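[1] Need coordinates for the following:
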Amino acid sequence: MFKLAHIVICKKILRISAGMTRMRSFYICPGDNTSKTFTPKNGVPQGSVIAPTLINVYLSDVPGKKSLKFEYGNDWGLSNDL
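    Numbers count the residues shown, from 1 in each chain. From the prediction side, this is the model:
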């Protein structure tokens, strides 16, 4: 949220984005059983529309290297064959 606050001017959009990343919980259902409820410590909801944008903002200041970098969301590949 700190990085996003430097990019987004509108405080309302910033509050909405912050709300999507906290106060979430989940549980799993193996077979007929239900697990206890878990609260993720970080991340965004899988499949959310804003997730790719937040990931790109988060990774936008990764320093460049002499290697070739391939990036798509949170999948990275580095190649030293330059």
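[2] Can you tell me the element the residue most central in space within the chain falls in?
    With distances taken as C-alpha atoms, centre = their mean, the residue of the chain nearest its centroid is residue 55 (4.3 Å). Following DSSP states H and E, one finds residue 55 within helix 51-59.
[3] And the nearest residue to residue 8 once chain neighbours are set aside, what's its pLDDT?
    Distances taken as C-beta to C-beta, 6 or more residues apart in numbering place residue 14 nearest to residue 8, at 5.0 Å, with adjacent residues excluded. To be clear about C-beta, it is placed using only N, CA and C from the backbone, and glycine gets the same treatment. Per-residue confidence (pLDDT) for residue 14: 85.
[4] Okay, helices next: where are they in the chain?
    Shown for the chain, the helices assigned by DSSP state H span residues 2-7, 11-20, 51-59.
[5] and those helices, which is most packed in?
    Among these, ranked by average contacts under mean count of other C-beta atoms under 10 Å, first place goes to helix 51-59 (a mean of 15).
[6] For the helices of the chain, give me JSON lines that also has distance to residue 31.
    As requested, the helices of the chain are exported to JSON lines (distance: least, C-beta to C-beta, whole Å):
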{"stretch": "helix 2-7", "distance to residue 31": "40"}
{"stretch": "helix 11-20", "distance to residue 31": "31"}
{"stretch": "helix 51-59", "distance to residue 31": "29"}
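[7] Now do the same contact list for the residue nearest to residue 8.
    Neighbour list for residue 14: 1, 4, 5, 8 [criterion: C-beta atoms under 8 Å, 6 or more residues apart in numbering].
[8] roughly how far apart are the nearest residue to the first one once chain neighbours are set aside and residue 35?
    When you say that, I think you mean residue 1. Nearest residue to residue 1, sequence neighbours excluded (C-beta to C-beta, 6+ apart): residue 18, at 5.3 Å. According to C-beta to C-beta, to the nearest Å, residue 18 stands 27 Å off from residue 35.
[9] repeat for residue 54
    27 Å.
[10] ok, now residue 59?
    Distance, residue 59 to residue 35, by C-beta to C-beta: 31 Å.
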